[in-house]
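Engineer: Predicted model, plus sequence, below.
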Amino acid sequence: MAAKVALLALIISFLLAASPANSERRGFRATMIRRETAINFTRAARQSHERLSMLAARLDAAASRPSPQTPLRVDADGAGYDMEFSIGTPPLKLLALADTGSDLIWTKCGTCASCAPQGSPSYYPDKSSSFSKLPCSDSLCSALQSESFATCSAGGAECDYRYPYGLSTNSHHYTQGYMGSETFTLGSDVVPGVGFGCTTMSEGNYGTGSGLVGLGRGPLSLVSQLGVGAFSYCLTPDASKASPLLFGSLATLTGTGVQSTPLLIGIDTFYVVNLQSISIGAATTAGTGNNGIVFDSGTTLTLLADPAYSAAKTAILSQTALPRVANRDGFEACFQFSNGSSVTLPPMVLNFDGADMNLPTENFFMEVEHGVLCWIVQKSSSMSIIGNIMQMNYHIRYDVENSVLSFQPANCDSL
């Protein structure tokens, strides 16, 4: 009897150690690659504003819930970041957009003659021994069905999806296929049973990769499926170097300079915090208050709604001792300067609820063309977004489980 009790205790302890409740102890390391060596600011401005309109539409839908939510279009023409990973057995190495503003993981499958983008590698499920189709009874299919993004085949053996990116009036930005389960390799770690979209048809601009990896807060995202509770990244401005993307126990901030602010609750996918005020030089200007501001890896520029934008722009203009030049592509605070000359610019600090982000100058002033230096913030017609330029050289941690965002200044090249 004692032997049976001991055996039962051993089995229970093994099951507890392998259960999802303890999965946060695991850590995974992946990398992100910046897509463009030099930012095209004209394209970045256009795409950032397009992404803004789609993000605002989704948040409006989340607030009212009268109709299905709409996922985001990614800022594929800006300074986007692609995630490196491998899929299948044997593993096939792919690049896909890393996006904190959406949830679905998907990759082009088969020949995918009607898929965008063309020219990037495709995954072939028939060449992998670890692939299986997800049935309609799977929870991930149910999550898609709850948003009217999935339908079921006769018998329920296949979960077919059509996942739109963009406003409901734009029917030409979507990914479509069937849901599958596959082994993913993140760095040196092999993770079986990841649910993903096997795309057979798509339209839109997804950069030059093979798909998209959703890092949002919803059940379909890689973060949720890994069950790690938190992830972090550190975006390097050097396109020749990789940016670390860390999950679970590896997504930790240690040492000095770590600050944290609550994530606003009630938002299904996005990472929204309270920006109380902005400090620019000697001035303290209005923040976004309870409307919040989104940390988004897929938007290049930072976009501020009024009154935050106008107050901050006035402070920049009044405290920058350089000759002002005409606006450039929506940048309304631009100045003339000579390369090699000494330039004094006012510091900029984002004052969140309980945390202050003291920005390096290169995170909010950049040379948009030869001899023209601009404040890399534009006016939003609706909500506010902190884009990936402003996030560079910060180690940013998203604690999904506890609804906390933390950050720390870092040299991302060496993290």
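Structural biologist: Noted; the coordinates are in hand.
Engineer: Report the distance from the longest strand along the chain to the chain centre.
Structural biologist: Longest strand in the chain, counting residues (DSSP state E): strand 189-203. The chain centre lies 17 Å from the centre of strand 189-203; the measure is CA atoms, centre = their mean, to the nearest Å.
Engineer: chain center to the helix or strand hosting residue 398: distance?
Structural biologist: According to DSSP states H and E, residue 398 maps onto strand 394-399. Per CA atoms, centre = their mean, the displacement of strand 394-399 from the mean C-alpha position of its chain is 12 Å.
Engineer: let's have the chain start at 21 instead
Structural biologist: With 21 as the first residue, the last one maps to strand 414-419.
Engineer: For the next helix or strand along the chain from that strand, enumerate the helices and strands it packs against.
Structural biologist: Counting by DSSP H and E, the next helix or strand C-terminal to strand 414-419 is strand 424-429. Applying 3 or more CB pairs under 8 Å, 6 or more residues apart in numbering; DSSP states H and E, one finds that strand 424-429 makes contact with strand 279-282, strand 375-379, strand 414-419. From N, CA and C alone the C-beta is placed, and that goes for glycine too.
Engineer: So what touches the second one?
Structural biologist: When you say that, I think you mean strand 375-379. By CB atoms under 8 Å, 6 or more residues apart in numbering, the list of residues contacting strand 375-379 from outside reads 279-281, 299, 367-370, 410, 414, 426-427, 429.
Engineer: circling back: list of residues touching the strand holding residue 418?
Structural biologist: Strand 414-419 is touched from outside by 120, 235, 243, 249-255, 271-273, 283, 291, 315, 377, 425-430, 432, 435, with contacts defined as CB under 8 Å, 6+ apart.
Engineer: let's see 7 Å
Structural biologist: The contact list for strand 414-419, computed with CB atoms under 7 Å, 6 or more residues apart in numbering, reads 250-254, 271, 273, 291, 315, 425-430, 435.
Engineer: Name the strands paired with it and say parallel or antiparallel.
Structural biologist: According to DSSP bridges, strand 414-419 forms sheet pairs with strand 250-254 (antiparallel), strand 424-429 (antiparallel).
Engineer: and of these, who's closest to residue 224?
Structural biologist: Nearest to residue 224, of all the strands paired with strand 414-419, is strand 250-254, at 23.7 Å by CB to CB.
Engineer: where does the protein dip in pLDDT?
Structural biologist: Across the chain, the ranges flagged by pLDDT under 70 are 21-45, 56-57, 66-67, 69-99, 186-192, 287-288.
Engineer: Which parts of it belong to which domain?
Structural biologist: Using automatic domain parsing, the domain ranges for the chain come out as 46-268, 279-430.
Engineer: Format those domains as a markdown table; extra columns: mean neighbour count.
Structural biologist: Output for these, formatted as a markdown table (neighbours: other CB atoms under 10 Å):
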| stretch | mean neighbour count |
| --- | --- |
| domain 46-268 | 20 |
| domain 279-430 | 19 |
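Engineer: got a list of contacts for the longest strand of the chain?
Structural biologist: 48, 124-130, 132, 134-136, 145, 150, 154, 160, 181, 183, 192-204, 231, 245-246.
Engineer: and the very next helix or strand once past that strand, what other elements does it pack with?
Structural biologist: Counting by DSSP H and E, the next helix or strand C-terminal to strand 209-223 is strand 231-234. Here strand 231-234 touches strand 112-119, strand 126-128, going by 3 or more CB pairs under 7 Å, 6 or more residues apart in numbering; DSSP states H and E.
Engineer: Of those strands, which is nearest residue 320?
Structural biologist: For the helices and strands packed on strand 231-234, proximity to residue 320 was assessed by CB to CB; strand 112-119 is nearest, at 12.7 Å.
Engineer: Which neighbours in the sheet does the longest strand of the chain have, and how are they oriented?
Structural biologist: In the sheet, strand 209-223 lines up against strand 126-128 (parallel), strand 194-206 (antiparallel) (DSSP bridges).
Engineer: For the helix or strand that the shortest one is followed by, which outside residues touch it?
Structural biologist: Using DSSP H and E, the next helix or strand after strand 126-128 towards the C-terminus is strand 152-153. In this structure, residues lying in contact with strand 152-153 by CB under 7 Å, 6+ apart are 177-178, 198, 200-201.
Engineer: For the next helix or strand after strand 152-153, give me every contacting residue.
Structural biologist: Using DSSP H and E, the helix or strand that follows strand 152-153 in sequence is helix 159-166. Residues from elsewhere that reach helix 159-166, judged by CB under 7 Å, 6+ apart: 154, 170, 179, 181, 199, 215, 239-240.
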